[in-house]
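Peer 1: structure of the sequence below:
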Amino acid sequence: MLELLAVLSASAAAGMRVALPLLLIGLLYGGSLWSQVPILSGIDPHVVLGVLVSWSLVEIFASKNRAGQRLLSGIQLMFSPIVGAIMGVAVVRATVTLESLVWLLGITGGLLACVLQLVQTGWFYRMKRIPLWVIFAQDVLCVALVFSAFRAPQQGGLVALLLLWLSIRTSKEWHSWYSTQAESKSRSNPRLYKRDPD
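Peer 2: Okay, here's the model as predicted:
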């Protein structure tokens with residue numbers, strides 16, 4: 001159970017940022033953990049470190065303005081399931097030796113990261129601009145979730161489950177808000193007859 005909570009914590013971090021969580025686990029374990037995970041194990045550690053540092057800086061600074069948020073939302077949406085799965089595999093291999101659990105928990109982590117990133121992208125397009133304090137909170141929470149995955153998996157896993165619950169609630173609210181804007185006869189297909197439905 002602790003392993004699952006640790007995976008959820010690490011993968012939730014990947015649902016907020018792509019490079020920063022991978023960089024943090026590499027710094028925490030001196031790069032030895034990178035050699036145990038797919039994709040990163042086939043790349044020179046110095047190259048991995050250089051790419052992750054560069055992209056982490058881009059994520060931190062570009063997310064503070066609207067154009068950067070638009071660019072990052074598409075890239076993070078595409079890569080968050082992959083990074084979430086990598087984070088899940090890394091955490092499991094650091095704590096469990098049972099190989100059958102590794103891929104199952106890795107896929108679970110990838111799905112969680114994808115859901116969280118989808119909701120963030122939805123918020124970006126709904127609000128047009130995410131407030132700066134929310135961006136800073138995401139950065140802090142991302143770092144805290146990575147540390148929690150290894151040091152306090154119970155707390156980190158509970159925070160990840162809370163984020164998942166908030167994501168599900170948000171998507172339900174969006175669906176009902178969107179459906180109520182359609183005429184009563186087209187509630188089952190709210191996009192019907194709309195020129196600009198989004």
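Peer 1: please enumerate the helices of the chain.
Peer 2: Taking DSSP state H as the test, the helices found in the chain are 2-14, 19-28, 45-62, 66-95, 99-127, 132-151, 153-180.
Peer 1: who's in contact with Gly110?
Peer 2: Counting by CB atoms under 8 Å, 6 or more residues apart in numbering, Gly110 touches 11, 81-82, 84-85, 88. (C-beta placed from N, C-alpha, C; glycine too.)
Peer 1: ok, and the closest non-adjacent residue to it?
Peer 2: Using CB to CB, 6 or more residues apart in numbering and skipping the chain neighbours, the partner closest in space to Gly110 is Ala85 (3.4 Å).
Peer 1: could you report the neighbour count for that neighbour?
Peer 2: 27 (other CB atoms under 10 Å).
Peer 1: kindly export stretch 109-121 (C-alpha atoms) in PDB.
Peer 2: Extracted in PDB, the C-alpha atoms of stretch 109-121 (Å, rounded to 0.1, in the frame of the first residue of the first chain):
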ATOM      1  CA  GLY A 109       1.200   6.700 -12.400                       C
ATOM      2  CA  GLY A 110       1.100   7.700 -16.000                       C
ATOM      3  CA  LEU A 111      -2.700   7.800 -16.000                       C
ATOM      4  CA  LEU A 112      -2.800   9.900 -12.900                       C
ATOM      5  CA  ALA A 113      -0.300  12.400 -14.300                       C
ATOM      6  CA  CYS A 114      -2.300  12.600 -17.600                       C
ATOM      7  CA  VAL A 115      -5.600  13.300 -15.700                       C
ATOM      8  CA  LEU A 116      -4.000  16.100 -13.600                       C
ATOM      9  CA  GLN A 117      -2.400  17.700 -16.700                       C
ATOM     10  CA  LEU A 118      -5.700  17.500 -18.600                       C
ATOM     11  CA  VAL A 119      -7.500  19.400 -15.900                       C
ATOM     12  CA  GLN A 120      -4.700  22.000 -15.700                       C
ATOM     13  CA  THR A 121      -4.900  22.500 -19.500                       C
END
